[in-house]
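Engineer: Return atomic coordinates for the entry below.
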Amino acid sequence: MSSSPDQPDRPPTAALLEALDVKRNAVISLLVGVAFTVAVFAFFVVVPGSNQQSGYLIALAFVLATTSAGTVWIALTVYAAIGLSRELSASE
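Structural biologist: Sure, this is the predicted structure:
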């Protein structure tokens, strides 16, 4: 697609993802999600000595890890987007 004179050139998606540090945010959020899940699992399952089915608890731990990692990833990416937009508006 070529840009017309009345439409500005848009950066490719890869450049946007790189500018927002999406890969770094994903790694950080994955580590935070797993660490949070291990802490919750240890505090509520291992320490009290729960006798629940382990498959059920592992499934719940997976849901907690992915949900918390996704939440942290979204927060980090939004924070990066806000910082980038402020930086771009300050340079104008």
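Engineer: Okay, the most centrally placed residue in the chain and V22: tell me how far apart.
Structural biologist: By CA atoms, centre = their mean, the chain has its centre lying nearest to W73, at 1.3 Å. Distance from W73 to V22, counting by CB to CB, to the nearest Å: 8 Å. All C-beta spots, glycine's among them, are computed from the backbone N, C-alpha and C.
Engineer: Show me what the longest helix seen in the chain packs onto, helices and strands only.
Structural biologist: Taking DSSP state H as the criterion, the chain has its longest helix at helix 54-91. Contact here means 3 or more CB pairs under 8 Å, 6 or more residues apart in numbering; DSSP states H and E; on that basis helix 54-91 packs against helix 22-41.
Engineer: from the middle of its chain, how far away would the helix it packs on be?
Structural biologist: Relative to the centre of its chain, helix 22-41 is centred 8 Å away, using CA atoms, centre = their mean, to the nearest Å.
Engineer: what's it packed up against?
Structural biologist: In terms of contacts (3+ CB pairs under 8 Å, 6+ apart), helix 22-41 is packed against helix 54-91.
Engineer: could you give the angle of the helix it packs on to helix 22-41?
Structural biologist: Counting by axes from the mean of the first three to the mean of the last three CA atoms, to 10 degrees, helix 54-91 lies at 140 degrees to helix 22-41.
Engineer: show me what contacts the residue nearest to the residue nearest to the centre of the chain when sequence neighbours are not counted?
Structural biologist: Ranked by CB to CB, 6 or more residues apart in numbering and with sequence neighbours excluded, the top spatial neighbour of W73 is S29, at 3.7 Å. Shown in contact with S29 (CB atoms under 8 Å, 6 or more residues apart in numbering): A69, G70, T71, V72, W73, L76.
Engineer: Distance check, V47 against E87.
Structural biologist: In terms of CB to CB, V47 sits 45 Å off from E87.
Engineer: returning to that earlier point: please tell me the pLDDT value assigned to the residue nearest to W73.
Structural biologist: pLDDT, S29: 97.
Engineer: Please apply the same query to M1.
Structural biologist: pLDDT, M1: 50.
Engineer: still on that earlier bit, tell me the contacts of the residue nearest to the centre of the chain?
Structural biologist: The neighbours of W73, taking CB under 8 Å, 6+ apart as the test, are N25, A26, I28, S29.
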